[in-house]
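S.K.: Just to be clear, the model below is a prediction. Sequence and coordinates:
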Amino acid sequence: MSDLYEAYEKLISLVILGKRFEVPENNLLLRQMQFVAEDIGYGRYCWNGECRNCELVYRQPADGVEYPALACRIKGVAGMRITKLAFEMKYNMSDALSCAAPAED
């Protein structure tokens, strides 16, 4: 396990822009995205909520309501769906998104 990630026991499933990814539980969304797309680590992110380059919109599995958030401030949970990403994040995830399998609804 890398020093970048909080301790985790299992991978959980997230859907990012319609693609399913397995990421470590108990981690911030930005770190979870870095787990599947190393280029996130090279992006222009402040990791403390000031730059807003990690803005996204997500839905929780329970209610289906869309919420705005910063990926450096919230932890991803199993079944979460990321429906919109800021340009910087979408760019840094482009390789991972193009290779991932579509999520089944």
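M.R.: The structure has been received and is ready for your questions.
S.K.: other SSEs contacting the longest helix seen in the chain?
M.R.: Selection of the longest helix in the chain by residue count, based on DSSP state H, yields helix 29-36. Here helix 29-36 touches strand 19-24, going by 3 or more Cβ pairs under 8 Å, 6 or more residues apart in numbering; DSSP states H and E. Quick note: C-beta positions are derived from backbone N, CA and C, even for glycine.
S.K.: Now residue 8: closest residue in space, sequence neighbours ignored.
M.R.: Spatial nearest neighbour of residue 8, excluding adjacent residues (Cβ to Cβ, 6 or more residues apart in numbering): residue 24 at 4.0 Å.
S.K.: and what of residue 78?
M.R.: In this structure, residue 78 finds its nearest non-sequential neighbour in residue 12, 4.1 Å apart by Cβ to Cβ, 6+ apart.
S.K.: ok but that neighbour is inside a strand, no?
M.R.: Yes. Assigned with DSSP: H, G, I helix; E, B strand; the rest coil, residue 12 falls within a strand.
S.K.: Dig out what it forms beta bridges with.
M.R.: Bridge pairing for residue 12 (DSSP bridges) gives the partners residue 23.
S.K.: The residue nearest to residue 8 and residue 70: what is the separation?
M.R.: Using Cβ to Cβ, to the nearest Å, we find residue 24 at a distance of 19 Å from residue 70.
S.K.: And the strands in the chain?
M.R.: Counting by DSSP state E, the chain has strands at residues 11-16, 19-24, 55-59, 66-70, 81-85.
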